[in-house]
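K.L.:
Below: sequence and its predicted model.
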Amino acid sequence: MSKRMIFTLLVMDSIGHNFHGSWRHPRARNREFKKFDLWVDLAKKAEQAKVDAFFFTDVMGVQGEYNGSRDIVFEMAMNVPIGDCTMLIPAMAHETDHLGFLYTSSVISHHPFVFARAASTLDHLSDGRIGWNIVTSANEKAFRNLGLPGNLSHDERYAWAKEYVDVTYKLWEGSWDIDAIVNDAEKGVYADPSKIHDINHVGERYRVEGFNLMEPSPQRTPVLAQAGGSPAGLDFASGHAELMFLSAYSLETIAQQVGSVRELARAKGRKDGDILFLQGMMFVIGSTDEEAHRKWGELEEWRSPEAQTAYFSSLSGMDLGRYDPATPLEDIIDEIPGIQGAFLAVINAWPEGSKPTVKDFLTSLSLPQMVVGSPETIAARLQEFQRAGVDGVQVMNILMPESYDEFFDHLVPVLQDKGLMQTEYRPGTLREKLFDTSTPDINERHPAYGYRGMFCGQ
């Protein structure tokens, strides 16, 4: 029996996410993203299948272009329109008991004082099943939409993120003592005033005087996730992430990235098991490998090459449609403000003696994420990823909700039979379930834990 892996559904509150153009497919229900029923029904099915969590991605500015025009972005609904997933999570949490909900919030999206209260509220409403995907945003339009100065380097963005998380850690872990809630109606005391503290944070970007307006939630600090392949991103993840979304695109680069992050984490006093690594994958499942590849070919006919190019351009911060397709990636990597890790992964994975081009990048970047075959074939492939250091899978979709229905019906039973997927949920909060621990608290090796008791006696 294999070691169990974590499985999350990687979704976006939008028509399209990674496989652009598929919403036109006659079986696709992607356009129902505005309806509670689509999401609540999917959450119920995911819990029946014993999926660990939903993982919502988000954007605050859509900046994809194709050869100087953004028309394709709207024509193919490339991540726009997009809703606020935090409006969906309470409804989904109310209809489930164990399923976790991780969501993306950039450090530019909300003031940390406001965000800390919102996350605590969601963690209460879900009985401790919330996680936060920390992102710094390389999207220049997102900065302009929020009236913020952009053009920040990777190091500058992660310096911002470090102060942002420091503020939230102080609010979640330090502003309320462990026993601050008395909840004694007879004495007329709900909270002990002596055990609630102002954090008085004064930093380069933020000045926050007070305490978290919401009392400590079941996890206090939500499960923390992060993605990033740049040196600054890997260093940040090594210190703060509990879940890391890998940006590697081969088994070799996965092993290298996992090893690098773990080495950095150990230098910060953390242990290997403190960070779990997730890889994004799309499954095309057939009763045989041949049937699966026929299905894949049929689905690819619905992918829009122009929208896909604009999507990759939005991730990179550049209009790749303007470049000669034969341009070597290494010639332009210094010009790329975002997702340098993805470009480096393709360059590093390319066969020696040749250089990947813009065309190679656009046509091959999604291929490592496609896992096509029978359930047995896919399970064997997942074991290869597991041996390379992958702890779990972010399951992406092509058709909503069909991609997930096929995953639940055909792949999950095989994965569970092989021990690759849980058959029952562990008790407790999302952190307890993911890390098989008996405490909902972030562990003592994490920097957030150090803020407990920091403000006592002030």
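P.N.:
Alright, I've got the coordinates. Here the structure is a predicted model, which means the values were calculated and not measured.
K.L.:
Residue 226 should be in a strand, yeah?
P.N.:
Yes. Per DSSP: H, G, I helix; E, B strand; the rest coil, residue 226 lies within a strand segment.
K.L.:
what's the closest non-adjacent residue to it?
P.N.:
residue 241 (4.0 Å; Cβ to Cβ, 6 or more residues apart in numbering). Bear in mind the C-beta positions are built from the backbone N, C-alpha and C, glycine included.
K.L.:
Please work out how many residues are found near the one you found.
P.N.:
As a burial measure, residue 241 scores 27 neighbours (other Cβ atoms under 10 Å).
K.L.:
now swap in the one 5 residues further on and tell me
P.N.:
A count of nearby residues for residue 246, using other Cβ under 10 Å, gives 25.
K.L.:
these two touch, right, it and residue 256?
P.N.:
No. Using Cβ atoms under 8 Å, residue 246 is not in contact with residue 256, being 10.6 Å away.
K.L.:
Extract the residue ranges of the stretch 101-250 of the chain that are flagged as low pLDDT.
P.N.:
247 (pLDDT under 70).
K.L.:
quick one, helices of it?
P.N.:
In the stretch 101-250 of the chain, the segments counted as helices under DSSP state H, counting those that start in this stretch are 112-125, 140-145, 154-169, 231-240.
K.L.:
What are the buried residues along the second one?
P.N.:
If I follow you right, that is helix 140-145. Using 16 or more other Cβ atoms under 10 Å as the test for burial, helix 140-145 gives 140-143.
K.L.:
what sits against residue 377?
P.N.:
By Cβ atoms under 8 Å, 6 or more residues apart in numbering, residue 377 lies in contact with 289, 292.
K.L.:
and residue 369, how many neighbours?
P.N.:
Neighbours of residue 369 (other Cβ under 10 Å): 16.
K.L.:
tell me which element residue 421 falls in.
P.N.:
Following DSSP states H and E, there is no helix or strand that holds residue 421.
K.L.:
likewise residue 80?
P.N.:
Residue-wise, residue 80 maps onto no helix or strand under DSSP H and E.
K.L.:
Thought residue 61 was touching it, still the case?
P.N.:
No. Using Cβ under 8 Å, residue 80 is not in contact with residue 61, being 9.6 Å away.
K.L.:
which residues of the stretch 201-350 of the chain fall in strands?
P.N.:
201-202, 207-208, 223-227, 243-245, 276-285 (DSSP state E, counting those that start in this stretch).
K.L.:
Next, format these as JSON lines and append mean neighbour count and distance to residue 22.
P.N.:
Converted to JSON lines, the strands of the stretch 201-350 of the chain look like this (neighbours: other Cβ atoms under 10 Å; distance: least, Cβ to Cβ, whole Å):
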{"stretch": "strand 201-202", "mean neighbour count": "14", "distance to residue 22": "45"}
{"stretch": "strand 207-208", "mean neighbour count": "15", "distance to residue 22": "43"}
{"stretch": "strand 223-227", "mean neighbour count": "25", "distance to residue 22": "23"}
{"stretch": "strand 243-245", "mean neighbour count": "25", "distance to residue 22": "22"}
{"stretch": "strand 276-285", "mean neighbour count": "22", "distance to residue 22": "11"}
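K.L.:
Dump the ones you listed to CSV, plus distance to residue 377.
P.N.:
Compiled in CSV, these are given as follows (distance: least, Cβ to Cβ, whole Å):
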stretch, distance to residue 377
strand 201-202, 52
strand 207-208, 52
strand 223-227, 27
strand 243-245, 24
strand 276-285, 9
